[in-house]
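Peer 1: Compute the structure for the input listed below.
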Amino acid sequence: MISIIIPIYNSSKTIKNCLDSVLAQTYKDVEVIIVDDKSGDYSIEVVNNYIKKLKANNFELKLIKHEVNKGAPAARNTGFKNSKGEYLFFCDSDSVLKSDALFVMIDVINNNRDVAYVYSSFIWGKKFFKVGEFSDEKLKQGPFIHTNSLIRRENFPENGWDESVKRLQDWDLWLTMLESGHKGYWINKVLFTIKPGGTMSGWLPSFAYKLFPFLPSVKKYKNSINIIKSKHNLI
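Peer 2: Now for the predicted structure:
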């Protein structure tokens, strides 16, 4: 079974398309765990409208609500603790999955027993991220693997996501797993799209980091890079 864990926070504009894409999956042996991180909009109402649809399609569903806002890593950890699948798929609420995304991922991971997780290329808005093959050195240099990856439960870190990390949480997770000898495998296909405007994902074009170092978003990004590098002794 695959546990699809979706953290939501003020996700009313994006969660509908995300759940539609979950419903459309050709791979059906899944449970869906949605963790609301104290949203202030009508995200819960949108999710409630899907409960019957999911159950009618034989999807197991759990909706868990945080009493206070704790951040995405904490929401993902809550989902993990309430999951039972042998595979984990942490799905951002602004993601739209291809209908065969989970089928392709589980087929690839089952045929590559030596890897801990599989990841794919993706599209952010109109930007294509080819991503590329896995290598230890490439991962140490910077983030390139998205959160939306299929992970073997047995290889997931015992302490889960680091709840103190505010940005580049996916990079931190993959580096933590690498330190335990767990590596990934690239699927050379686009298996999902990120819709801009959500609260989970952000992106700036690469030239912005060189031409506009004074931008607050660029400064925050570079600071986040240094925090992760320091934590994993990469400086």
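Peer 1: Now do the buried residues in the helix ranked longest in the chain.
Peer 2: Secondary structure of the chain per DSSP state H: the longest helix is helix 216-231. Residues of helix 216-231 classed as buried: 218, 221, 224, 225, 227, 228, 229 (neighbour count, 16 or more other C-beta atoms under 10 Å). C-beta coordinates here come from the backbone N, C-alpha and C atoms, glycine included.
Peer 1: Give me the distance between the most centrally placed residue in the chain and residue 58.
Peer 2: Against the mean C-alpha coordinate of the chain, by C-alpha atoms, centre = their mean, the closest residue is residue 147 at 2.7 Å. Distance, residue 147 to residue 58, using C-beta to C-beta, to the nearest Å: 26 Å.
Peer 1: can you check residue 167 too?
Peer 2: Taking C-beta to C-beta, one finds residue 167 at 37 Å from residue 58.
Peer 1: For the residue nearest to residue 51 when sequence neighbours are not counted, list the residues it contacts.
Peer 2: Nearest-residue entry for residue 51: residue 61, 6.0 Å, with adjacent residues in sequence omitted and distances by C-beta to C-beta, 6 or more residues apart in numbering. By C-beta atoms under 8 Å, 6 or more residues apart in numbering, residue 61 lies in contact with 31, 32, 33, 34, 51, 54, 55.
Peer 1: mind checking the SS state of the fifth one?
Peer 2: Here residue 51 takes the helix state, with states given by DSSP: H, G, I helix; E, B strand; the rest coil.
Peer 1: so what does the longest helix of the chain touch, helix or strand wise?
Peer 2: Applying 3 or more C-beta pairs under 8 Å, 6 or more residues apart in numbering; DSSP states H and E, one finds that helix 216-231 makes contact with helix 169-179, helix 206-211.
Peer 1: CA atoms only for it - export them in PDB, please.
Peer 2: The C-alpha trace of helix 216-231 is given here as PDB (Å, rounded to 0.1, in the frame of the first residue of the first chain):
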ATOM      1  CA  PRO A 216      14.600  39.500   0.000                       C
ATOM      2  CA  SER A 217      13.500  36.200  -1.500                       C
ATOM      3  CA  VAL A 218      17.100  35.600  -2.900                       C
ATOM      4  CA  LYS A 219      18.600  36.500   0.500                       C
ATOM      5  CA  LYS A 220      16.300  34.100   2.300                       C
ATOM      6  CA  TYR A 221      17.100  31.300  -0.200                       C
ATOM      7  CA  LYS A 222      20.800  31.700   0.200                       C
ATOM      8  CA  ASN A 223      20.500  31.800   3.900                       C
ATOM      9  CA  SER A 224      18.400  28.600   3.800                       C
ATOM     10  CA  ILE A 225      21.100  27.000   1.700                       C
ATOM     11  CA  ASN A 226      23.700  27.800   4.300                       C
ATOM     12  CA  ILE A 227      21.600  26.500   7.100                       C
ATOM     13  CA  ILE A 228      21.200  23.100   5.400                       C
ATOM     14  CA  LYS A 229      24.900  22.900   4.400                       C
ATOM     15  CA  SER A 230      25.900  23.800   8.000                       C
ATOM     16  CA  LYS A 231      23.600  21.100   9.400                       C
END
